[in-house]
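1. just coords:
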C-alpha cells in the first residue's frame, strides 16, 4: 500500500497586488539659481579658459552666462561638447562656482583686462575676545618685518593704487602667501618689476584652475599585470639568447 503525503491546503490569506513606486525627484528639486559673474570671471569664455581641459574651444557654442549654468548634460552634448568626461568636468566646476569655490584669483574684486594686482599691506590685528579683547603677545611684539599690533597680508588692490577699503576690512587673497618679509608666492603669481617684491599680479590664463588628470602607468590598473608580465617574458627571452 502506497501512502501519499496529504496535500497542503492553499492559504486563505489575501495576497495584495504589488505596487509600483514612482519617484519624481527631478521635478521636486528646484533648480539652483545662476551665480553672478565675478570681476575675474566676467563671462563664459573666461570661465572655460580658467577651468582648462580645452573647454575654451567650446565658448562660442554656449550662448550666455545663464545658459552656462542651466544647460543639462544632454543639451551640452547636442551643442557638441565632447567627450562625456569633459561635460562631467564642466558640471563639476559649475557646482563649485555656485558654492563660491574658486581657484587662484577668483576672489579678486579689482580686475582690469583679466589682470588682478596684488600688494603687501600691514593691517591692524583685531582684538581677540578669548584674550580679554586684546591682541596676542606675538602680534603685540615688534619684529623686523612688521610693526606692533599689525599683520602683513597679500590683498587685491586697484591697478597702481593703494587699497581702497579700510585696512581693517581687507581680506587676504585666497591661494596666495607672503613668504619671508616681502615675497608674494602662489600659483600663476607674477612679481612686478621695480616693486621690490611687494607687488605682483595674477593674469587669467588657460587652465589655471584645471584639475589635472593622471596618466596610465603600464596600461592602467586593469592591464598593469598583463603588460608587466609580457615585458618580463620579453626580457627573459632576450637574456636567454
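-> Right, received. Where do you want to start? Keep in mind that what you see is a predicted model, and the values were worked out from it rather than measured. Residues are numbered from 1 along each chain as shown.
2. distance from the chain centre to stretch 65-82, please.
-> Here stretch 65-82 is found 20 Å from its chain centre; the criterion is C-alpha atoms, centre = their mean, to the nearest Å.
3. distance between the ends of that stretch?
-> 20 Å (C-alpha to C-alpha, to the nearest Å).
4. got a list of contacts for that stretch?
-> By C-beta atoms under 8 Å, 6 or more residues apart in numbering, the residues outside stretch 65-82 that reach it are 31, 34-35, 37, 43-44, 47, 55, 58, 61-62, 84, 87-88, 90-91, 94, 97-98. From N, CA and C alone the C-beta is placed, and that goes for glycine too.
5. one more time with 7 Å, if that's ok
-> 34-35, 37, 43-44, 47, 58, 61-62, 87, 90-91, 94 (C-beta atoms under 7 Å, 6 or more residues apart in numbering).
6. can you flag the buried ones in the residues you listed?
-> Burial by neighbour count, judged by 16 or more other C-beta atoms under 10 Å, picks out 44, 47, 58, 62, 87, 90, 94 from these.
7. pLDDT on the longest helix belonging to the chain, on average?
-> Assignment by DSSP state H gives helix 220-240 as the longest helix of the chain. Averaged across helix 220-240, pLDDT comes to 89.
8. with stretch 169-181 instead?
-> 85.
9. check stretch 55-73 too.
-> The average pLDDT for stretch 55-73 rounds to 94.
10. from the chain's centroid, how far away is that stretch?
-> 18 Å.
11. next, the distance between the ends of it.
-> Taking C-alpha to C-alpha as the criterion, the two ends of stretch 55-73 lie 14 Å apart.
12. would you mark the buried spots in it?
-> For stretch 55-73, burial by neighbour count (16+ other C-beta under 10 Å) applies to 55-56, 58, 62, 65, 68-69, 71.
13. kindly report the same for stretch 112-123.
-> 114-121, 123.
14. again, but for stretch 76-89
-> Buried residues in stretch 76-89 (16+ other C-beta under 10 Å): 76, 79, 81, 87, 89.
15. model confidence over it, on average?
-> For stretch 76-89, the mean pLDDT works out to 94.
16. distance from it to the middle of the chain?
-> Taking mean C-alpha positions (C-alpha atoms, centre = their mean), stretch 76-89 and its chain are 19 Å apart.
17. with stretch 158-173 instead?
-> With C-alpha atoms, centre = their mean as the basis, stretch 158-173 stands 25 Å off its chain's centre.
18. contacts for stretch 97-110?
-> 32, 35, 38-41, 50, 116-117, 156-158, 173-176, 186-188, 202, 208-209.
19. now the buried members of the residues you listed.
-> For the contacts of stretch 97-110, buried by 16+ other C-beta under 10 Å: 38-41, 50, 116-117, 156-157, 173, 175-176, 186, 188, 202, 208-209.
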